[in-house]
Structures are given as C-alpha cells and as structure tokens.
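Peer 1: generate coordinates for the sequence data below:
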Amino acid sequence: MSQLETNLTQRQRSPEIRRIATLLAGTDIAIVQYDGSGSACALVAPSLPFFERYALPALNIMPPLVGGLDVRIDHSLPGVTACVLPIQSRRGGQAGVLLLTRRGDFDSRAEDVARLCSRLSIDAGWLAELAIEVKPVDQVTLHAFGNFASSLTRAEARSATVERDIEAISTQLSDTYEELTLIYQISSGMRVNRSVEDFFLHACMEVIDVMGVRGAGYVVVDAAGRTDACAVYGEASLDQQATTQLTSALLRRFGANPKPIMINNLAADAELAQIAPMAERLVAVAIQRQDRILGTLFCVDKDDQEFTTQDSKLLNSIANETAIYLENAALFSDARGLMMGLLHALTSAVDAKDAYTCGHSQRVALFGREIAKAAALPDALCERVYMAGLLHDVGKIGVPEEVLRKPGKLTNEEFAEMKKHVDIGARILRDVRQVDDLIPGVLYHHERYDGKGYPHGLAGQDIPLMGRILCVADSFDAMTSNRTYRKALPLEVALMEIRRCAGTQFDPLLADAWLSIGAARIHELAGSVTDKMSIRIAA
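Peer 2: Prediction:
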C-alpha cells in the first residue's frame, strides 16, 4: 500500500484519533484506526515505511485484534507490540484503535517474521533496514500511553455527550419558553370586556409568529351550533367559501370526536381536497368546555414543514385557555346585561315619577359618554360615564312628587328639597360595590367650576372628573328639553350658553370637547332617545 492509501488525512480523523495523535507526536508509536469488525482500516501516524509496508498490511491478513473493556498489550503480530484501546466514539459505538511500536528484539531473520515477509512478498533484509528507522518503545511505556490516551478520549466522549444533552435541553427549553410566552401573552389578553374578534385577532397573530405558520383562524359557535364569529389571519389565501367549508367540516368532525386533527396532505382528504390549492397542511383543535364544543382553532402550512404532535399539543393548550375566556366572556355579558337592565329599570322608575323629564337620563348618559370620548378618555372610563349618566338622577325617587311635578318656579324650601336628590342618589348606590365608582357622577353633577354649585361648593379640579362631565351633559339637556315652566332653547342657543359659561359653570376643557362634537352629531344622539317630550333641535 502507498502512503496515500494508508494514511488518514486530518479531516478524516475522528476527534478522538486527532487527540491521540497530538498526544503521541514526536514518538515512533504508530496509530492504527480499526473499523467496527476489527479489521485494520488505516494508518494515522507517523508516516514510517516500517509500519506502512509491514505492520499495517500484516494486520489485514492476520486475525483481528479485538479490544476489550480495558487497555491491553498484544504480541500476536511478529516483531511488533500492539496496545489495544477500547475507545468509546462520539456516536456511541466502539472505535477500534491500536498503538504499534517495533519490538526491541526485532529480528527480520526470526522464523515468524520471515514467514510473514514471505506472505507479504517483502525482502527480510530490506525490512531490517526499515526497522532501523523506528525507535522502539518498551511495553510499560506503551501501556502507560495507552491508558492515558484511553482516559483522555473517554473524557472527551463524555464531554461530547454532555454537550449534546445540553444542546438538546437548551433547544427544548427555548421551545418551551416560546410556548409558555405565547400562552401567557394570550392569557394576558383574556379581558372579559374585550370583544371576541379582537381577542382572536391577537391570539391568531401570536400563533402565526411563534409557530411559523402561514395562517391561523378560528370559528366560535353559539349554543345552537350557529356561527357567532369566524376569521382567518396571515398569508393564507383562504376565501370565504373555503373558510366556511373548512370550519363546517372541522366542527362536524369534532362533534364526533374532539381529538386534535392533523392533516399533512389536504389533497388526499376527500372532504377537504377542494381547499388543497390554497393550503397544503392543516392542524386543528376543538375549543371546548366540558362536553360542549364552543368552536375550533386551526393553523395551515408551517414553513414547508409537516405539522407534528408538538404543534397540536401547543394549539390545544391555547384552545383550552380560549375556552376559559369564552366562558368568562359569556358570564360577563350575562352579568353586564343584568346590571344594565337594573340601571334602566331604576331610570324608568325616576321617569315614572316625573313624566316631563322622561328620557332625560338616557340622553345625559349618551351626551356624557360622547364628551368623554371627545376628551380622549379611555374607552372603559367612557362606558362608566355612560352608566353614571343613567343613574345621575336616581335620587329623585326620594323627592316628593309635588316638588318634582310643580309647574311653576320652586320656592327656596322646595329647591332645598330638590337639591337633596344628589345625596339620596349617593346613599342608594353606596352599598352596591359594582357601581361604587359611579357615585361621584351622581353626587357632584350639580357642582360648578366656579364653586357656586351644590352639594359641597367644590370648585375647579377639586370636582371629580365624572361630576364635571355630567354637569355639561345634564345642563345641555336641561336647556334643550321642554319643561312645564318654559320651552326648550334652540340647539345653537344652548351651545352658545355652554361656550359662555365655560370657566364659570363648566370645566372649559370639557366644554370645548362638547362643542367640538358638532350639531349634527348632537342631533343624532338626542334623536336616538324617544320620549313624550320633544327636544327642540334647530335645523
């Protein structure tokens, strides 16, 4: 064999072999790498003709030297001492490695050497000259080198295993972190007062980003199985017909078996083959609470990869969180409906006592919410202003009817009775925890910005915001509504009064916010409330 055929290149050597070659650099100890069967594979180093022309070819025609569990010395190769290393490779198999050295008593004329030379067609005299170039290493030193090399490579193999395990754990932790982050982000958006469409838009976009899918969608059904909401987001080009067909098929399947559905070849699915031109793969899970199917959550086409059970498990976790949101949202909607019904009932009770102010509370609620929106207040606060507007005159239930319905001007004593309605209203509401934040609107909507109002004569920013908003709304409606003692003012005149009294009766910023709404919008708001009394809106 030539040197090119027998010597391994640096790139061909395993990491263990390279480490041993570095360890034995400068010695005349040859390193031979065996294959799995125990046959000689190649000479690693050094490039000495004695090993290339004699030792390595001899190993290939003699019985293999198979390593055991420990480093051992072998003398079966004539004229050569072999140290057999049991080295664990990085891939988990046994890498057969021999350390070879010329025996100190090598004699090319010895019978076993001469016989082997004959089989290899080597001239014994020539071999003797090659042997002179190799410095022999005694058996004890060779064995010590073997033990050290074996320990070193074993440690390296263990280190490589640990590195692989760490890398696998790191990857798993990274994936788990992304999944937990996704679930947390979706859970953090589970506000019961958030619309279903907005919640699923947020959830689907998060799924698309983390799972790397082309599209994500959902369908939510009511108790009768009718579709409440449905949409697909992302790059997936599912049209309305395809979306309807897909969601209908998924709901039918989940009705029979709620287990996750994973299809990596939609073209082969008889029921969904028509969707194949728009999507190749699908994973879907049921959104369910107990035994009821609330809808489905699905993804299509994962970056040219097939969906796996890991994907379905993640999507199923998200669906479980979604089911909780849908259930809580339904409960919130029922509770809010009940609460709003009670508020309107209270308002109707006030209207029943004073037919001339019928519809007043509803209009004040609408006006107040519009002022809050124009002042760029948060949506949640705008809704609370609306509720406070409905309740702002609830205390009139405790005012005598002869005072409420008196057609003429009130006496000082009667006006004192009328002013009590803000305190009565606050007392009515104070034990209802759910409307505790509305009490300032009820109690302070007759306070004036200049401090000349009632019940406490507060001024400026000391008046709670809700009270300042409802002051504008209540005053405007009073001016534009017919009363037994006067007719309604035209809208333009009422708006001029709001502008004139800004800074005295009204918070100037809130007065400006109301004026910015415009006559057309005010006309629309006022006209949305029907009552027995007319509102005079100038054309």
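Peer 1: L130 versus A520, what's the distance?
Peer 2: A520 sits 110 Å away from L130, taking CB to CB, to the nearest Å as the criterion. The C-beta positions use only the backbone N, C-alpha and C, and glycine is treated the same way.
Peer 1: which one's more surrounded, those two?
Peer 2: Taking neighbours as other CB atoms under 10 Å, A520 and L130 compare with L130 leading, 18 against 8.
Peer 1: which secondary structure elements does the stretch of helix or strand L331 belongs to contact?
Peer 2: In this assignment (DSSP states H and E), L331 forms part of helix 309-353. Packing partners of helix 309-353 (3 or more CB pairs under 8 Å, 6 or more residues apart in numbering; DSSP states H and E): helix 139-188, helix 196-211, strand 261-263, strand 282-289, strand 292-300, helix 360-374, helix 379-391.
Peer 1: let's go with 6 Å and repeat that
Peer 2: With contacts taken as 3 or more CB pairs under 6 Å, 6 or more residues apart in numbering; DSSP states H and E, helix 309-353 sits against helix 139-188, strand 282-289, strand 292-300.
Peer 1: tabulate those (TSV), appending distance to F106.
Peer 2: Output for those, formatted as TSV (distance: least, CB to CB, whole Å):
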stretch	distance to F106
helix 139-188	13
strand 282-289	70
strand 292-300	72
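Peer 1: compare those and say which comes out lowest on pLDDT.
Peer 2: Among the helices and strands packed on helix 309-353, helix 139-188 has the lowest mean pLDDT, at a mean of 73.
Peer 1: relative to A242, how far out is V80?
Peer 2: 76 Å.
Peer 1: these two: who's more crowded?
Peer 2: V80 (26 against 18).
Peer 1: surely L429 touches I439?
Peer 2: Yes. Using CB atoms under 6 Å, L429 is in contact with I439, at 5.4 Å.
Peer 1: quick check on the residue of the chain positioned farthest from its centre: phi, psi?
Peer 2: In the chain, the greatest distance from the average C-alpha position (CA atoms, centre = their mean) is reached by R109, at 79.7 Å. Dihedral angles of R109 (phi, psi; degrees, to the nearest 10) stand at phi -90, psi -10.
Peer 1: how close does the closest residue to it other than its chain neighbours sit to V113?
Peer 2: Ranked by CB to CB, 6 or more residues apart in numbering and with sequence neighbours excluded, the top spatial neighbour of R109 is A124, at 6.4 Å. Distance from A124 to V113, counting by CB to CB: 7 Å.
Peer 1: out of the two, which sits in the busier spot?
Peer 2: Taking other CB under 10 Å, A124 and V113 do not tie; V113 has more neighbours (24 against 15).
Peer 1: sec struct for the more buried one, please.
Peer 2: Classification of V113 using DSSP: H, G, I helix; E, B strand; the rest coil returns helix.
Peer 1: my guess is it meets G79, correct?
Peer 2: Yes. The criterion here is CB under 6 Å, and V113 meets it with G79 at 4.8 Å.
Peer 1: low-confidence ranges, this protein, go.
Peer 2: 1-16, 35-42, 44-45, 67, 87-95, 169-194, 354-357, 484-485, 530-539 (pLDDT under 70).
Peer 1: if we can go back for a sec, columns mean neighbour count and distance to H392 on top of the helices and strands packed on helix 309-353, output as TSV?
Peer 2: Shown next, in TSV, are the helices and strands packed on helix 309-353 (neighbours: other CB atoms under 10 Å; distance: least, CB to CB, whole Å):
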stretch	mean neighbour count	distance to H392
helix 139-188	14	35
strand 282-289	24	39
strand 292-300	23	39
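Peer 1: of all these, which one comes closest to R483?
Peer 2: Proximity to R483 (CB to CB) singles out helix 139-188 among these, at 50.6 Å.
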